[in-house]
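**Student:** any chance you could fold what I've pasted below:
(one chain, ligands or ions: 1)
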Amino acid sequence: MGVTGSEVGARPWEIEMGNGHRIVIVGAGYTGLFTAVRLAHRTRGTGTEITLVNPSSRFVERLRMHQLAAGQQLADHRIPDLLAGTGVRFVPGTVTAIDPERRTATVDGAGALPYDTLVYALGSSTDTSNVPGADTHAFTLNSPEVAGRFAARLTEVAAAGGSVSVCGGGLTGIEAAAEIAESHPGLHVTLISADEPGAMMGATARAYLLRALDRLGVTLETGARIGKVLPDAVELADGRLVQSDVCLWTAGVRVSPLAAEAGITTDERGLIQVDATLRSVSHPEILAIGDAAAVRLAWGPLHGTCQSGLPTAQHAADTIARLLRGKAAKPFRFGYFHQPVSLGRRDAVIQFTKADETPRRLHLTGRFAVAYKETVSGSPLLTYRLSKRVNVTTAVSKGGRATRTPAA
Ligand SMILES: Cc1cc2nc3c(=O)[nH]c(=O)nc-3n(C[C@H](O)[C@H](O)[C@H](O)COP(=O)(O)OP(=O)(O)OC[C@H]3O[C@@H](n4cnc5c(N)ncnc54)[C@H](O)[C@@H]3O)c2cc1C
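**Tutor:** Below is the predicted model of the structure:
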């Protein structure tokens, strides 16, 4: 870090111009897919080759994973269909290694893909390694397959009038607990959280959220550190047991070790350290976006959300397109705008925020909030479709003057 806006234009760029420039994007989640489609539009006719790699050809809507866990069916979006007409080559497979010296990404079943520019968009997943028993006795929302198995188990437990613990009181845990309670009224749902759920919201929105969880019959176990996950209970650090026939783990985040293994500079969590333009500080031909990038703005680090991830994807595509045209890259600017939280299918609360994510007074609740949240959840797919023809802007706020010079 430590690159100011004025220095950005003065940096020498190693990116090679001209026809045949090979761009490999690893990870086709929310951000990788957006970069691919936008870049294809922005480089049309220049001979640039864009390749997108992802283990599954199904596009995973992580924003809706809690719906899957509660037993709802989601639409099936195929990555090749979403790329149709863009000219982007889709390679199904898992990236197993990156060699920044040779400039290759090795893909299981497809060998080594050479690149001139690499976009690293491998996202993140829930970390079950910090608490004993979480990886063996708890389900996660890390993939549609695991969420589907959890949904099947939940149906069995609900039929027997049993109980479920949702561990982690962040937005994912709140949305999951509410969705499960609404879909399975006979289940006893406990949300276990170190902090009060909605602690990041303003007092009025938080009170609404807590009333909604209460109405849905969700029991709160707050101020509780989890010691262990057992086959039939969650053991709190103070020794108390929360009986649960099934457990959903939503706390903590981890990222792929590939970047660190490749010698790319990462932070202590394994996120790629980037400069003000989202290029790796150690390997400027690599751009990192979304949950896998350590992006720091004047008010602090970005944390993994689609709200901030899509603008990083947009910026990466624009940076590459600019560099290919011989222009200087611009610094990334972003400010948060809202915290949308679904509370089942019939209720939601939207907390509007300042750029640094502190709450404003304005919030939405009830059916207006439900419609708002649904629009937000569906907007990435609409963005991909529109981006084949026009440059869509995904950042509502640029963060104001304060973010123009990223902090060191
Ligand atoms: C239940 C839930 C609800 C959420 N709700 C919200 C919300 O309301 N609002 C919000 O802003 N954010 C929300 N988030 C967070 C949001 O989903 C993430 O911030 C977002 O998905 C990050 O996008 P990404 O492209 O970085 O990663 P992802 O969308 O996770 O995509 C990463 C992609 O990389 C692929 N990949 C991983 N490893 C490899 C490999 N070795 N080789 C090839 N490909 C690989 C993965 O398969 C995946 O397709 C939610 C998350 C969850 C789990």
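**Student:** now do the phi/psi pair for the closest residue to the ligand within the chain.
**Tutor:** Here the residue of the chain nearest the ligand is Gly29; by C-beta to the nearest ligand atom that distance is 1.6 Å. For glycine as for every other residue, the C-beta is placed from the backbone atoms N, C-alpha and C. With angles defined as degrees, to the nearest 10, Gly29 sits at phi -90, psi -150.
**Student:** could you find the closest non-adjacent residue to it?
**Tutor:** Ranked by C-beta to C-beta, 6 or more residues apart in numbering and with sequence neighbours excluded, the top spatial neighbour of Gly29 is Gly123, at 4.7 Å.
**Student:** before we move on, the earlier item: quick one, what contacts the residue of the chain closest to the ligand?
**Tutor:** Residues in contact with Gly29 (C-beta atoms under 8 Å, 6 or more residues apart in numbering) are Asn54, Phe59, Val60, Arg62, Ala121, Gly123, Gly290.
**Student:** please apply the same query to Lys388.
**Tutor:** Val37, Ala40, His41, Gly85, Thr86.
**Student:** neighbour-wise, which of those residues leads?
**Tutor:** Val37 (26 neighbours; other C-beta atoms under 10 Å).
**Student:** so which strand or helix has that one?
**Tutor:** helix 30-42 (DSSP states H and E).
**Student:** now the residue of the chain closest to the ligand: how far from Leu343?
**Tutor:** Gly29 sits 25 Å away from Leu343 when distances are taken as C-beta to C-beta, to the nearest Å.
**Student:** next, the angle from the longest helix along the chain to helix 30-42.
**Tutor:** The longest helix of the chain (DSSP state H) is helix 366-387. Put simply, helix 366-387 runs at 40 degrees to helix 30-42, going by axes from the mean of the first three to the mean of the last three C-alpha atoms, to 10 degrees.
**Student:** quick check: mean pLDDT of helix 366-387?
**Tutor:** For helix 366-387, the mean pLDDT works out to 97.
**Student:** flag every buried residue along that helix.
**Tutor:** Ala369, Val370, Tyr372, Lys373, Val376, Ser377, Ser379, Pro380, Leu381, Thr383, Tyr384, Ser387 (16 or more other C-beta atoms under 10 Å).
**Student:** any idea which of those residues is closest to Glu175?
**Tutor:** Lys373 (9.4 Å; C-beta to C-beta).
**Student:** contacts only, for the closest one.
**Tutor:** So Lys373 contacts Pro340, Val341, Ser342, Ala348, Ile350 (C-beta under 8 Å, 6+ apart).
**Student:** which element is the last one on?
**Tutor:** Spelled out, that is Ile350. Assigned by DSSP H and E, Ile350 falls in strand 348-353.
**Student:** check the offset of that strand from the chain's centre.
**Tutor:** Distance of strand 348-353 from its chain centroid, counting by C-alpha atoms, centre = their mean, to the nearest Å, is 18 Å.
**Student:** angle of that strand against helix 366-387?
**Tutor:** Using the same axes, to 10 degrees: strand 348-353 against helix 366-387 is 70 degrees.
**Student:** neighbouring strands - and their directions - for strand 348-353?
**Tutor:** strand 338-342 (antiparallel), strand 359-365 (antiparallel) (DSSP bridges).
**Student:** take those strands and write them to CSV, including mean neighbour count and distance to the ligand.
**Tutor:** Shown next, in CSV, are those (neighbours: other C-beta atoms under 10 Å; distance: least, C-beta to the nearest ligand atom, whole Å):
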stretch, mean neighbour count, distance to the ligand
strand 338-342, 23, 6
strand 359-365, 16, 14
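**Student:** many thanks, we can stop here.
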